[in-house]
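Q: Attaching a predicted model along with its sequence, questions to come.
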Amino acid sequence: MVGGEFSKSPVVQFLKRAEEVTDKVNEMELKENENPYRKEDRKLWKALPHVPGLDGRPLPRKAIKTRNESNDDNFGILRSSSSLDCGV
């Protein structure tokens with residue numbers, strides 16, 4: 001295939017469009033999680049760069065959005081894990 005024929009291929013056009021959609025979704029997630037719930041985290045988030053993903057796009061941070069998520073302290077895994085039960 002010559003360069004012009006290759007870029008006109010439906011498969012190549014589909015892959016190109018899929019890449020554009022993925023870029024747009026990534027941008028929306030980055031924008032959505034731009035500001036964390038806790039004020040003390042805002043400076044930290046601005047100072048730290050995003051971690052690049054496997055495809056080179058920055059991975060979005062998952063912001064805590066509500067008071068319940070903020071107070072959760074990430075101990076949910078301890079509550080739900082049966083391997084940590086003492087049998088009492």
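A: In hand now; what should we look at?
Q: What are the buried residues along the helix or strand containing F14?
A: F14 belongs to helix 10-32 when assigned by DSSP states H and E. By neighbour count with 16 or more other C-beta atoms under 10 Å, helix 10-32 contains the buried residues N26, E29. Any C-beta I mention is one placed from the backbone N, CA and C, and that applies to glycine too.
Q: and after it, which helix or strand comes next?
A: helix 39-47.
Q: So which residue is smack in the middle of the protein?
A: P60 (3.4 Å; C-alpha atoms, centre = their mean).
Q: wouldn't that one be in contact with E34 here?
A: No - with contact defined as C-beta atoms under 8 Å, P60 does not reach E34; the gap is 9.0 Å.
Q: Quick check: closest non-adjacent residue to V51.
A: L59 (5.0 Å; C-beta to C-beta, 6 or more residues apart in numbering).
Q: is it true that W45 touches R61?
A: Yes - between W45 and R61 there is a contact at 6.6 Å, judged by C-beta under 8 Å.
Q: Need the residues touching each of the two.
A: Shared contacts of W45 and R61 (C-beta atoms under 8 Å, 6 or more residues apart in numbering): P36.
Q: got a list of what the residue nearest to the centre of the chain touches?
A: Taking C-beta under 8 Å, 6+ apart, we find P60 in contact with N26, E29, L30, E32, N33, H50.
Q: thinking again about what came up before, quick check: the gap between the residue nearest to V51 and P10.
A: 31 Å (C-beta to C-beta, to the nearest Å).
Q: what about the protein, any weak spots by pLDDT?
A: Along the chain, the parts satisfying pLDDT under 70 run over 1-3, 63-65, 69-88.
Q: what about 90?
A: For the chain, the stretches with pLDDT under 90 are 1-8, 26, 29-88.
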